[in-house]
Structure formats: C-alpha cells, structure tokens
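Novice: Take this sequence and fold it.
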Amino acid sequence: MFYFRKTVRPACTTATACRALLLLVLAAVSLQARAQLNLGEALRLAQADDPAIAASLARAQAHTDNAIADGQLPDPKLKTGIWNLPLDSMDINQEPTTRLRFGIEQAFPRGATLQHKQRQSEWLASAEQALSEAAARQLRRDVRDSFLDLYYQVQAEQVVAETRDLFAQLVDITQAHYATGRVSQQDVLRAALELSRLDDRATRIRNAADRQRAALTKWIGTAASLPLASEFPDLPALRSRAVLEAALVQHPVIRAESARLAAQNQAVQMAQEQYKPGWSAGVEYRKRFGDDPNGDERSDMMAAMVSVELPLFTAKRQDRRLAASIQQAEAVQLTRDDRLRELKQLLDTGYANWQRLGERAALYESQLLRTSAANAQASLKAYQSGVTEFTTLMRARITDLDIQLEQLRIRVDRARAQAGLLYLAGENQ
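Specialist: The predicted model follows:
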C-alpha cells in the first residue's frame, strides 16, 4: 500500500513576501469597504455636479454682470450728414449754406436711474445666490429621503430573510409532527402557506428597493447600485424648537424673496426718478464748402447742443409706472410673508412628527421588541410541547416580524423628519 503525503507550503517564505501579502489583503479589505455606499458619500456625489444648483449660480453671475453694465451711461451717438445740398446741380460748392456735419451726442438718464438699475441687478443676483443655497438644501433633503427609504427596504429584506429561516424550520417541525400524528395536515399546509406569503413579502420589498435605487440614480448615477453600509445613516443633530423657528427668517427661500423685494424697491425708486428731466449734450463740427463772393474760403463752424426732456404730462405715464411698481413691490412682500408662513407650518408639522416618532421609537426599544421576541420564543416551546395550537405560534411569529419592521420603519421615518427639519433650519442650527 502506498501513501501519498501532501506537502503544504507556507503562504510566505520571506518577510518581504509576508508584508506584500498583508498589503494585498488590506487593500482588498479597503476596496470592499469603499464598495459600500453610505449617506455621506451619496450626498457628496449628489452635490458634486447638480444642474439645479449650477443653473442658479449661472443666473446669479448673469445678474452680477448685468449690474456692471446697468450702471454705465448709454453709448454716445455719432451723427454725420450733409445739409442743404442743391438738388438742381448736386454741387456742394454752389450754395453757402451747404455743409458737412460731424457730431457726437451723449444722453444722461433721468436722476439716479442708473444707480437704482445697478442696485436692482445686484439684488437679483443675491436672490439667485440664495436660491442656489435653497436648491442645495432641497437636494440634501431629497437625497436623504431616497437613501433612508432604500436603507429601510434593504434592512427589511434582511429581517424577512432571517424570519424566513425560522418559518422554514417551522415547516420542518410541522412535517415531522405530522409524520408522528401529533398535528393535523392543516398545520403543515398553514406553515407552507405562511412561508409562501413571506416569500411574496420579500419580493415586494425588493421591488420597492429597486424603485428607490432608481430614484437615487437621479442624483448619484450608477453609484446607487452599490450595496448600502449596514450602519444607520447619521444626520446632524437638531437644536431646540425655538432656535429652529428663529432660523426660518434666514432660510434661503426667504432671503431670496427679501432680495427680490429689495430689487423691486429699486424699481419704485427708478419710477420716481422718471419725474425728473433727462438730458443730453452734444457737439458738432460743420464743414462748409466753396468760397465767399470776395473769393475767401468759407470758414468752418461748430455747434454745441443741450436737449432736455420735460415731464409735464405725468398722469398717464409716470404716475401709472409708479403705481404699478408699488403694487409689484407689495406683491413680492406678500409672497415673502406667505413663504415664511409655509415654512412655519412645515416646522410645526415636522417637529411634532419628529417628537412623536421619538417617543414611539423609545417604546419599541424598551418594551415591544423584547416582549414580542419573548412571546414568539415561548409560543414555539409551547407548540413543541403540545400545549398551544399552531395558529397561536404563527400569530406570535408574524407579530414579532411586524414589530421588527415597524420599529425599523419608525426609526427611518424619524430620520426623514429630521432631514426635513434640517432643510428648514440648515445644517449648523
């Protein structure tokens, strides 16, 4: 009889090889860790190149550029032409009044119109800048909502998978008891039915997870297909309700409306400036042709002109413009007040929801989870001992599953409510 000895060689024979192997293992572990998607990474990817934020910033830059242009005087006008040219001969030397004129004219808008126009564009730039911050806040809130919903579906699938293993064991137990005549065939069928229903529940959860991944793809692209980190998503802490409410007036949506109101007030100022006269000034060089009767060359001439606009009839122009601009400013003010009231209502609703979900989460953590697990375990022992019916065991197991999923749902919903409050108050409140 022959014996073959298998020689097992060490994984590394030198210190250098061992270090290299260790580095490879660490690199593999690091790559595996990086392959998981957490909420912080999702937010970073979403904010890296968001078109809504970029569009607001582009509009803000456009208003900033316009502000510089709006503060400048109108372009001067260059005028030239030939005057008093005789039509019978078309001879520029025939008549002493024929002349070639070159002139330049500069208009000056009424009052401080240019300054108010420039400030109006600057305020509009500030409004767009604030809207870009509002878009960034909304982006963070939406990404958190989608990520938290996806996290719930992923964790719920794991809970259902663990429960399925227990239900599969119950099917085996009932089949064994049925073989010995301890239970009826109905118990075997009921166990198989509940196992099938659990499989259907898992399929519906996976379907919901697929929809949430598709929603998350809108902001982070293909990274949404990565597996999620198992840790519960971390959110910045909230301050007191009084601090949150005080921060509403600094919400970027309100700051945008305030900037728009300031811009419209500049429009009111421009309308008031229209009651002042506008004016323009210019100079001309007038070239004369031909000679005087005494044979001398005709001398050239120059002219200086000033023209003034006289706002004498204001009832149907200036008065109407001013009244319209005042009404528009009032409309912006009312819109700002309405937006602030909407934010206040969102704060009241969101904060109450966040508080009550916190109370429910504490109740589930302190009592319901432990009690339902103990009840399910006691029901299993009682069923194995023949003390209780299979229906009672099933009800206990399903109740324990429902409580686990509800506890997870409450925790996720509370985090979503917190994300909504962070949208209202900002990350640093």
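Novice: Please count neighbours and contacts with C-alpha atoms only from this point.
Specialist: OK.
Novice: before we move on, what SS does residue 388 have?
Specialist: coil (DSSP: H, G, I helix; E, B strand; the rest coil).
Novice: For it, which residues are in contact?
Specialist: Listed by CA atoms under 8 Å, 6 or more residues apart in numbering, the contact set of residue 388 reads 379, 382.
Novice: ok, now how distant is it from residue 379?
Specialist: Distance, residue 388 to residue 379, by CA to CA, to the nearest Å: 7 Å.
Novice: Quick check: the closest residue to residue 427 other than its chain neighbours vs residue 325, distance?
Specialist: Of all residues not flanking residue 427 in the chain, residue 236 sits nearest, at 6.7 Å (CA to CA, 6 or more residues apart in numbering). Relative to residue 325, residue 236 is positioned 43 Å away (criterion: CA to CA).
Novice: So for these two, which sits in the more crowded spot?
Specialist: Legend: neighbour count by other CA atoms under 10 Å for residue 236 and residue 325, higher for residue 325 (20 against 12).
Novice: Can you name every helix or strand that the helix or strand containing that one contacts?
Specialist: Using DSSP states H and E, residue 325 sits in helix 318-363. If contacts are counted by 3 or more CA pairs under 8 Å, 6 or more residues apart in numbering; DSSP states H and E, helix 318-363 sits against helix 241-246, helix 252-273, helix 390-425.
Novice: list the contacts for residue 83?
Specialist: The contact partners of residue 83, taken as CA under 8 Å, 6+ apart, are 97, 98, 99, 100, 101.
Novice: what's the neighbour count on the closest residue to the third one other than its chain neighbours?
Specialist: Excluding the flanking residues, the one nearest residue 99 by CA to CA, 6+ apart is residue 288, at 4.5 Å. The tally of other residues near residue 288 (other CA under 10 Å) stands at 22.
Novice: do residue 374 as well
Specialist: By other CA under 10 Å, the residues close to residue 374 number 14.
Novice: mind starting the numbering at 794 from now?
Specialist: In the new count, where the first residue is 794, that last one comes out as residue 1167.
Novice: and the gap between it and residue 1189?
Specialist: 10 Å.
Novice: Residue 1181 now?
Specialist: 11 Å.
Novice: Assign the residue nearest the centre of the chain to helix, strand or coil.
Specialist: In the chain, the C-alpha nearest the mean C-alpha coordinate belongs to residue 932, at 2.7 Å (CA atoms, centre = their mean). Following three-state DSSP, residue 932 is assigned to helix.
Novice: Next one, pLDDT for it please.
Specialist: With respect to pLDDT, residue 932 scores 95.
Novice: Against residue 1215, how distant is it?
Specialist: Counting by CA to CA, the gap from residue 932 to residue 1215 is 12 Å.
Novice: any common contacting residues for those two?
Specialist: Counting by CA under 8 Å, 6+ apart, residue 932 and residue 1215 have no common neighbour.
Novice: end-to-end on stretch 1100-1116?
Specialist: End-to-end distance of stretch 1100-1116 (CA to CA): 28 Å.
Novice: How far off centre is that stretch?
Specialist: Its chain's C-alpha centre and that of stretch 1100-1116 lie 44 Å apart, by CA atoms, centre = their mean, to the nearest Å.
Novice: So what touches it?
Specialist: By CA under 8 Å, 6+ apart, the residues outside stretch 1100-1116 that reach it are 1061, 1064, 1065, 1067, 1068, 1069, 1070, 1071, 1072, 1073, 1074.
Novice: Counting neighbours, which of the residues you listed comes out on top?
Specialist: In terms of neighbours by other CA under 10 Å, the contacts of stretch 1100-1116 top out with residue 1064 at 23 neighbours.
Novice: Contacts only, for that one.
Specialist: For residue 1064, the contacting residues are 1111, 1114, 1115, 1118, by CA under 8 Å, 6+ apart.
Novice: Turn the residues you listed into a markdown table, including distance to residue 1197 and pLDDT.
Specialist: Converted to a markdown table, these look like this (distance: CA to CA, whole Å; pLDDT from 0 to 100):
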| residue | distance to residue 1197 | pLDDT |
| --- | --- | --- |
| 1111 | 70 | 92 |
| 1114 | 66 | 94 |
| 1115 | 65 | 95 |
| 1118 | 60 | 95 |
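Novice: returning to what we had before: can you tell me the SS state at the residue nearest to residue 1220?
Specialist: Strictly by three-state DSSP, residue 1029 counts as coil.
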